[in-house]
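# Have a look at this fold, sequence not included:
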Ligand SMILES: NC(=O)c1ccc[n+]([C@@H]2O[C@H](COP(=O)([O-])OP(=O)(O)OC[C@H]3O[C@@H](n4cnc5c(N)ncnc54)[C@H](O)[C@@H]3O)[C@@H](O)[C@H]2O)c1
């Protein structure tokens with residue numbers, strides 16, 4: 001066991017996991033591996049999954065209804081479909097548990113505000129799983145932008161494309177864009193002032209499977225998001241364009257996920273050369289490199305941030321206000337999709 005000299009209170013935090021579908025097992029593995037956590041149980045309504053749970057974690061308490069859970073838990077992590085986040089989150093907070101809800105925090109601004117109020121009234125921590133804010137590559141990109149290496153930030157493009165997995169409960173934007181919105185807002189350092197969206201609902205009427213969102217920030221910085229469940233190839237890319245350099249983050253790659261390019265336009269020459277109609281703006285096509293990124297699992301860092309908040313009162317980046325701001329963007333974009 002690691003010696004945690006900085007924790008005045010050495011008691012382990014007892015954490016319950018809610019939902020053991022596709023994503024839940026990843027959370028379970030990280031809960032089980034964290035020496036400051038006692039993995040105190042799994043709540044899963046689908047009884048067909050209980051055999052798998054007891055095979056994966058022999059002896060762990062399993063619950064199939066939220067009313068069954070006992071008082072042997074300090075906190076809970078919710079990994080159920082987005083449309084259930086509000087009701088499950090509210091019940092857990094009412095049971096006096098600190099709560100980390102997978103993205104999105106809830107499916108409306110009103111629901112988020114209600115959860116935030118309960119957490120505040122009860123002095124409980126409420127966090128959202130914007131996992132990419134704990135991703136070493138995203139943190140590195142932020143450092144590069146802040147260092148001034150790529151000049152002024154101009155625009156960020158973020159795409160999450162694949163054939164499926166097609167959900168029935170929420171559209172592609174509510175499913176994937178919480179990642180893109182949280183990454184772009186973090187890299188820009190503010191939330192967007194303007195949001196416009198368009199898309200298609202080819203597979204199921206009213207349930208968008210392709211979405212394009214434009215974000216407008218202070219200082220003319222823009223963001224562009226493309227999410228699709230109808231794309232032949234899997235793509236998870238963030239492309240940052242600055243006045244003196246560009247960064248490409250490809251999350252499907254195992255190594256060299258970030259490449260920094262000395263690419264751009266020679267702005268000095270633009271202003272100096274007001275030549276005839278056949279003149280061209282000069283471009284810079286310089287060197288490129290791939291910075292070293294410390295390998296660590298973002299989910300493990302995210303869970304540690306939750307524990308640090310409970311134990312040390314250290315505010316995480318994806319607190320409930322961050323969750324609310326991202327749902328505000330989703331709600332505004334959704335209104336545009338419905339026009
Ligand atoms: N951070 C990430 O990168 C990431 C990746 C994938 C999914 N997610 C999020 O994780 C959450 C779960 O997604 P998923 O793909 O695992 O969904 P899923 O449908 O595969 O699994 C959800 C599980 O929750 C269970 N469940 C539903 N209602 C419940 C209830 N009331 N009580 C207990 N269990 C209940 C279901 O039986 C199911 O096993 C979603 O919010 C999703 O957005 C996050």
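Cool, the structure landed. Given the structure is predicted, the values throughout are model-derived calculations rather than measurements. Numbers count the residues shown, from 1 in each chain.
# Check the residue of the chain found nearest the ligand and give its pLDDT.
Of all residues in the chain, the one sitting closest to the ligand is residue 21 (1.9 Å; CB to the nearest ligand atom). Backbone N, C-alpha and C define where each C-beta goes, glycine included. On the pLDDT scale, residue 21 is placed at 98.
# Pull the number of nearby residues for residue 281.
10 (other CB atoms under 10 Å).
# That one is in contact with residue 264, isn't it?
No: the pair residue 281 / residue 264 is not scored as a contact, 10.4 Å apart, by CB atoms under 8 Å.
# low pLDDT regions in this protein?
Low-confidence segments of the chain (pLDDT under 70): 1-10, 270-278.
# in it, which spans are helices?
Here the chain has its helices, by DSSP state H, at 24-33, 50-56, 85-94, 109-121, 136-147, 172-188, 267-272, 298-312, 320-337.
# And the ones you listed: which comes nearest residue 159?
Across those, residue 159 has its closest neighbour in helix 172-188 (7.8 Å, CB to CB).
# for the helices of the chain, which one ends up most surrounded?
helix 172-188 (a mean of 24; mean count of other CB atoms under 10 Å).
# interface residues of the chain facing the ligand?
Residues of the chain found near the ligand (CB under 6 Å from any ligand atom) are 18-24, 43-46, 49, 79-82, 84, 88, 102-103, 129, 131.
# go again using 5 Å as the cut-off
19, 21-23, 43-46, 79-80, 82, 84, 102, 129, 131 (CB under 5 Å from any ligand atom).
# Mind checking which of those are buried?
19, 43, 44, 79, 80, 82, 84, 102, 129, 131 (16 or more other CB atoms under 10 Å).
# distance of residue 222 from residue 184?
10 Å (CB to CB, to the nearest Å).
# intersection of neighbour lists for those two?
Jointly contacting residue 222 and residue 184 under the rule CB atoms under 8 Å, 6 or more residues apart in numbering are 156, 215.
# Now for the residue positioned nearest the centre of the chain: which residues touch it?
Relative to the mean C-alpha position of the chain, the nearest C-alpha, by CA atoms, centre = their mean, is the one of residue 130, at 2.7 Å. Residue 130 sits next to 103, 178, 179, 182, 317, 318, 322, 323, 326 when contact means CB under 8 Å, 6+ apart.
# on that earlier part again, of the residues of the chain next to the ligand, just say which sits nearest to residue 214.
residue 82 (23.1 Å).
# Apart from its chain neighbours, what residue comes closest to that closest one?
residue 170 (5.0 Å; CB to CB, 6 or more residues apart in numbering).
# same for the longest strand anywhere in the chain, what does it pack against?
Taking DSSP state E as the criterion, the chain has its longest strand at strand 230-242. Other helices and strands packing on strand 230-242, by 3 or more CB pairs under 8 Å, 6 or more residues apart in numbering; DSSP states H and E, are helix 136-147, strand 153-163, helix 172-188, strand 246-250.
# Domain ranges for the protein, per the record?
What automatic domain parsing lists as the domains of the chain is 13-130+299-318, 133-296+329-337.
# end to end, how far does the shortest one reach?
Taking CA to CA, to the nearest Å as the measure, domain 13-130+299-318 stretches 19 Å from start to finish.
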